[in-house]
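Novice: I'd like to go over a predicted model; first the sequence, then the structure.
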Amino acid sequence: MKKIAVYCGASSGNNKIYQDAARKLGRWLVHENLELVYGGGGVGLMGTLASEVLHNGGKVHGVMPQELVDRGAAFSELSDLEVVANMSIRKQEMLTMADGCIALPGGPGTLEEIVEAFSWARIGNNDNPCVLYNINGYYNPLKTMFDEMVHADFLTQIDREKLLFSDSLTEILAFMTTYIPPKVRHYQN
């Protein structure tokens, strides 16, 4: 593993614990010699995370749609910002660049990106491990929903185990370094 895509919001949340977690994740990435791939923003948890990585000597790769650059969302301290046409291209480019995916607490966009990455893993279009950095139990309701998918036979237990919810960076690293992508499903009528 060399690069980790981190999905996080343009907001900081209303609890300092989320900003602290973004800074901790940034320091961890540098310590583990992992480069950050993220949405390129300079505000919210995105800005906090990227600043922490840069200020600790790490490498940061931003990917941002032109419309967000035009609105002033790009992080001015980035030396590596790829500007793309739209969000779909951004998501694909981030997955292509990265060797793993982590979601910090965030809003609908963060949730959509990590769930799409996991969904793509199940159909064979993403070999990256997917992790929800479950700070302060933020993702517990989503964890329950994924468990309900298994209970209702919409998700296999084997595939469910390919998605980690954890607040431990040690556990996250172990999961990511030993990850084997889900077996690609084949269908019969």
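Specialist: Perfect, I can see it now.
Novice: how many other residues sit next to Ala50?
Specialist: Ala50 is flanked by 27 other residues according to other CB atoms under 10 Å. Heads up, the C-betas are built off the backbone N, CA and C, glycines and all.
Novice: Now do the SS call for it.
Specialist: Three-state assignment for Ala50 (DSSP: H, G, I helix; E, B strand; the rest coil): helix.
Novice: what about it, distance to Asn14?
Specialist: Ala50 sits 21 Å away from Asn14 when distances are taken as CB to CB, to the nearest Å.
Novice: Just read off the phi/psi values of Lys91.
Specialist: Summarising the backbone geometry of Lys91 under the convention degrees, to the nearest 10, its torsions are phi -60, psi -40.
Novice: how near is the closest residue in space to it that isn't next to it in sequence to Arg90?
Specialist: Across the structure, with CB to CB, 6 or more residues apart in numbering as the measure, the residue nearest Lys91 apart from its sequence neighbours is Glu113 (6.0 Å). As for Glu113, its distance to Arg90 is 9 Å (criterion: CB to CB).
Novice: Neighbour count: these two, which is higher?
Specialist: When Glu113 and Arg90 are compared on other CB under 10 Å, the one with more neighbours turns out to be Glu113, at 24 against 21.
Novice: Which strand or helix spans that one?
Specialist: Assessed by DSSP states H and E, Glu113 sits inside helix 108-122.
Novice: just checking, what packs against that helix?
Specialist: strand 3-7, helix 87-97, strand 100-103, strand 130-133 (3 or more CB pairs under 8 Å, 6 or more residues apart in numbering; DSSP states H and E).
Novice: would you list the ones you listed in a markdown table and tack on mean pLDDT?
Specialist: Supplementary listing: these in a markdown table, determined by pLDDT from 0 to 100:
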| stretch | mean pLDDT |
| --- | --- |
| strand 3-7 | 98 |
| helix 87-97 | 95 |
| strand 100-103 | 98 |
| strand 130-133 | 98 |
